[in-house]
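**Student:** Predicted coordinates and the sequence they were generated for:
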Amino acid sequence: MTNETTVRAERLRVEAVARCETCGRETDEHERDIRFGLPDPVLRSDEKHLAAGTWMSDDNPNAAVMMQVPELGPFVRSLLPVRLSGGFTVTYGVWISISPADLQHAYDVWWKPQYPEMQLTGRLANEVPPWNVFGAPVDLAVRGPEEIPYCVSSSNSELAQVIADEWNHDLVLSTLP
Ligand SMILES: [Zn+2]
């Protein structure tokens, strides 16, 4: 390929990128999965998930679905899908602070046939901008046997709206890394 051909091919590729009429982003940048590596209290702690006595369901916190960190408590992973204008969805992989008894229950059923019936209530352990929902109570339920539990309802009015409402996609996408 000559240089001239390469330049032309590059220009054609750029022109072929579809852009959103609403916000100008590329259309394939509207469906996003945002995975929080650690609960915020763990991220802010000195030793993070390496603190002595920490237990994780996987050595890699990105792959772990449960963890217990001394003095910060047990956490479980959950999915928080948010509907966006234009028919898009951004899905946050968040950590939920739960009680020791609920961690024991989750550990007992997670890899068993009764996993789909698992229900938990905890508190959101990540900041999820643009909303102010850190620490909000949230109910978790399992939707598919191969998936981690979903955030399905909340007694906190703002988090209930995050779960149930459709949000302006420019507002939400502008907060993402
Ligand atoms: Zn857009």
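**Tutor:** Sure thing, it's come through.
**Student:** going forward, measure contacts between C-alpha atoms and count neighbours the same way
**Tutor:** Will do.
**Student:** ok, which residues in the chain are in contact with the ion?
**Tutor:** Proximity of the chain to the ion, by CA under 5 Å from the ion, involves residues 20, 22-23.
**Student:** Among these, which lie within strands?
**Tutor:** Taking DSSP state E, every one of these sits outside strands.
**Student:** got the residues you listed as CSV, with pLDDT and neighbour count columns?
**Tutor:** As requested, the residues of the chain next to the ion are exported to CSV (pLDDT from 0 to 100; neighbours: other CA atoms under 10 Å):
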residue, pLDDT, neighbour count
Cys20, 92, 14
Thr22, 91, 10
Cys23, 94, 13
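**Student:** Just those: which are in helices?
**Tutor:** Among the residues of the chain next to the ion, no member is found in helices (DSSP state H).
**Student:** quick check, nearest of those to Asp102?
**Tutor:** Cys23 (42.2 Å; CA to CA).
**Student:** what's the burial count for the residue lying closest to that closest one once chain neighbours are set aside?
**Tutor:** Setting aside the residues directly before and after it, Cys23 is nearest to Asp170 in space (CA to CA, 6 or more residues apart in numbering), at 5.9 Å. Neighbour count for Asp170, taken as other CA atoms under 10 Å: 15.
**Student:** Equivalent analysis for Ala51, please.
**Tutor:** 13.
**Student:** Tell me who's in contact with it.
**Tutor:** Counting by CA atoms under 8 Å, 6 or more residues apart in numbering, Ala51 touches 69-70.
**Student:** next one: phi and psi at the residue in the chain positioned nearest to the ion?
**Tutor:** The chain approaches the ion most closely through Cys23 (4.1 Å), counting by CA to the ion. Per-residue torsions, Cys23: phi -120, psi -10 (degrees, to the nearest 10).
**Student:** thinking again about what came up before, run through who's touching the helix or strand containing the residue nearest to Cys23.
**Tutor:** If you go by DSSP states H and E, Asp170 is part of helix 169-173. Outside helix 169-173, the residues that touch it by CA under 8 Å, 6+ apart are 22-23, 30, 84-86, 88, 129-130.
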